[in-house]
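J.: With the input below, show me the fold.
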Amino acid sequence: MNSNDTLAVEFKRITVAQQALLGVSELANTVNTMQEFYFGLHRHLKQLIPADNFYIALKQQDRIELPFFADEKDAHPSEVYSDEHLSDTLKRGLTGYVLRNQTPLLCDEHMAQELTELGEIDDLGSPSHQWFGVPIKHHGLVIGVLVVQSYRPEICYNRRDQELMEFISQHIAGVLERLRHQQQLELAIEQRTQELSQAYEKLKLEVYERRRAERLQRSLFEIADLATSNLEDGEFYAELHRVISHLLPAQNCYIALLTSDRSQLEFPFYVSQQNNVPPKTRPLKDGLVEYLLRTQRPMLLDQNAMKKLISQGEIYNRAPDLNHTQLMKQWIGIPLMLQGRICGALAVYSFSHEQKYQFKDMDLLTFVSQHIATAIERKYANDTLKRSKEELEEKVVERTRELAQANKDLQREISQRRKVELQLKHDASHDALTDLPNRMMFMACLKDAFNIHHAANNGQFALLFIDLDRFKLVNDTLGHLEGDHFLIETAHRLGLCIREQDTLARLGGDEFVILLAHIHQIEDAKDVAERILAELAKPFNLSGKMFNSGASIGIAMNGRHKNETSESLLRDADTAMYMAKTRGKGCYVVFDEHSHEQLLRNITLENELRAAIEQCQIQLSFARVESLADRQEIARDVRLVWHHAEHGIINHEQLQQLAEQANMLLDLDRYTIEMISSSYTALNLSGVSSLHLTVSSQHLTHKHALRNLKNCLRNCQFPLDHLCLFFSELAMARDNESHASGFEELRELDINLGISHYGSGYSSMVTLSFLPISQLKLEPELAQGIRSKRHQRLLNAIRLSAESMQINLIVDGIHSQAQLDCLRQMGFSTVQYAQTSDNGESIALA
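T.: Purely as a prediction, here's the structure:
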């Protein structure tokens, strides 16, 4: 590096340091709590020096505390030691040493050992490569220590780091002093606030008494107004309850009235926190209300008083089923008097010890009870007069109403019959879920389009056949109800992509079709297909979760041949859609005869593949996995090869691609496991520790597929710990959660697990550290550019990471001696050869 580069690096370092130190200064002037300052300080400090392992120790009288602690290896000491024991422990360590000597200390492992042997410190915590502590001073006194440490030899501290740490320690002392003054100020403010609060409470009590008198006067006026109102019974008593609630707590309240013959009690109003069902009209018995009517005086009873009355036989002796006082804490009963004669009772009660009634509440309720009784009497008189008028009016209009009702019934029946007929016609031609045209109506529209085109030769039209890519997954994972919501939302989005004169229909399941009328060229249909793909690629909100879908679209244009019909055009669009699915889904395909023939050939080959699996015509082959140290074969990677009568040898990669198109990957994997089991003894595996088999991650994404895989493995006739299952890293990166849970279930069978094609899915080593894997196989393409120095550094970084996690790393795709020599020099231990022979066997290099 030349001098200009050195100056540039130094300038950049100084700039970063200046910005971080300014941030620390600003933080010291703005924080309100020390904890907030510690976290901000740690964040800024990590920009300047390696500070992942950082803590602050402060002296509090004769004790040492750790208000902030961050460490890669050790837990917070407070989880191990009590506060007193922690302080004594810190005094005996390097922290106490810096407090005693009041000078910075940069200590490596050798120096720490010397101090321990001299008795200056005790050996505490995990051994570190370097321990660096700076005293925190305030007014010349040491009040604490600022500490960073490293566990790796590549991280070291220098003189610049010491100057930086000393600068930061000054800010910590300043913030401590500022927050102490702030706390004293807050205590003074709190004391003055308490004095003002007491004066305010006294004034508030005076205001309360005055307002209470005003509320009483206002309540009496409101009760008088209710007596002359025309409210219904429910509204009248609800308003009466509202007025009472303004005077005292009345969450539990009822009014009981004697009937006209004075033999029964009725309850026109009842509200309770425990039961919202009002009591029914009942004969007079020996309940609380009857006791009040006998005594004819207000009373305030608590739980003990009620129990005493029960024990004396005054109440609930003849009718114990009326006793619901067990949960009551207090009960106030006021007789309602009319013209000197008792007519009923007003009662309020509480279920809580916190709500306590007093005798002044009983006196208040007694005072207003006469007004309430008068209001009820006037209400009854007004209701009686009103009912008489209504009965007279009803007799006048009764005959007219009967005739009008007969006419309305006839009109309603006619209208209902018309609605039913229209609904039946609509249901016969529309989909019940999405309300789109169904197959019958769409085919009628398609035939009309053909007739118009043949009669007037009026332009072209196109047919789009749409199949949703992940509808079955929605039904299987979220249920059919969310599947219906998914289809409804899909129909809405499709409607946004077409014109008013176009026709959108649902054929059934997850299949939709669109008839694009009057288009000029095929590009118009392609534009619509692209809009549909973009719209359906947006996430769907199902059960509160975002779900990604997509579609495969087939496009067919009319006018390709003379014998074309609506059925043949729909079949061609369906065929094009199937071709889109075989190309990876999420795309569209325009139908043409050549592609149709290729599709038929693919379908034939897929059918032959199924037959080959059933007849065990697919054979095992192996790729050699060997140790670089002694060139001995230590494992074999299981492959498949198919000797096809027409197409010749179909290798493992071609078989995997064909099985994926035919949705047979899981069947092919289980076939491979069964073939290994049946021919295991004939494989001559002496000296070979294990077999490697790469299987599809689809086994892990569905619980039924995972169960089938586990059952297949349990039926194997060889020790399962001799088999290592590999899963693609790219699939794992897309769905890490399913792989993590699936790996845990497979490990219960003592199966070894690994990740293949590492380097293609961009998974971090941190992600792999949480998985129970023992093997890591690199993407074969990584072995091709091994002569590049940058490439070698990448491979070496992966190797070191894998060794640190005790994961065996395998370099796949070896096909030259130069690759072996280079890998051996770099420190790799295991390689796998590429397959080059016709029979699928890998060829080992000399």
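
J.: Ramachandran coordinates for Gln501?
T.: Here is the backbone geometry of Gln501 (degrees, to the nearest 10): phi -80, psi -10.

J.: can you pull up the bridge partners for the residue most central in space within the chain?
T.: Closest to where the C-alpha atoms of the chain average out (Cα atoms, centre = their mean) is Lys545, at 6.9 Å. With DSSP bridges as the criterion, Lys545 is bridged to Leu542.

J.: distance of it from Asn101?
T.: 59 Å (Cβ to Cβ, to the nearest Å). Using the backbone N, CA and C atoms, a C-beta is placed for each residue, glycine as well.

J.: try Glu606
T.: In terms of Cβ to Cβ, Glu606 sits 80 Å off from Asn101.

J.: Pick out whichever of these two has more residues nearby.
T.: Under the criterion of other Cβ atoms under 10 Å, the comparison of Glu606 against Asn101 puts Glu606 first, with 17 against 12.

J.: who touches that one in this structure?
T.: By Cβ atoms under 8 Å, 6 or more residues apart in numbering, Glu606 lies in contact with 658, 661-662, 664.

J.: what distance separates the helix or strand Glu398 falls within from the middle of the whole chain?
T.: For Glu398, the element it lies in under DSSP states H and E is helix 359-429. Relative to the chain's own centre, helix 359-429 is displaced by 50 Å; criterion: Cα atoms, centre = their mean, to the nearest Å.

J.: immediately after that helix, which helix or strand?
T.: helix 439-456.

J.: other SSEs contacting the next helix-or-strand element following that next one?
T.: The helix or strand immediately downstream of helix 439-456 is strand 460-468, counting by DSSP H and E. Counting contacts by 3 or more Cβ pairs under 8 Å, 6 or more residues apart in numbering; DSSP states H and E, strand 460-468 packs against helix 439-456, helix 480-496, strand 511-519, helix 522-536, strand 551-557, helix 566-582.

J.: Deepest-packed of the ones you listed, please.
T.: strand 551-557 (a mean of 25; mean count of other Cβ atoms under 10 Å).

J.: any idea how far Met362 is from Leu248?
T.: 9 Å.

J.: Same check on Lys386?
T.: 32 Å.

J.: Neighbour count: these two, which is higher?
T.: Using other Cβ under 10 Å as the criterion, Lys386 and Leu248 rank with Leu248 on top: 18 against 11.

J.: quick one: that one and Asp363 touch, right?
T.: No. Using Cβ atoms under 8 Å, Leu248 is not in contact with Asp363, being 10.8 Å away.

J.: Can you tell me the closest non-neighbouring residue to Ile223?
T.: Spatial nearest neighbour of Ile223, chain neighbours left out: His371 (4.6 Å); criterion: Cβ to Cβ, 6 or more residues apart in numbering.

J.: Quick check: the gap between that neighbour and Pro298.
T.: Using Cβ to Cβ, one gets 15 Å for the distance from His371 to Pro298.

J.: can you check His647 too?
T.: Going from His647 to Pro298 by Cβ to Cβ gives 105 Å.

J.: do Leu292 as well
T.: Distance of Leu292 to Pro298, given as Cβ to Cβ: 8 Å.

J.: So for the two, which residues contact both of them?
T.: 333, 335.

J.: if you count what's nearby, which of those two comes out ahead?
T.: Neighbours per residue, other Cβ under 10 Å: of Leu292 and Pro298, the larger number sits with Leu292, 25 against 18.
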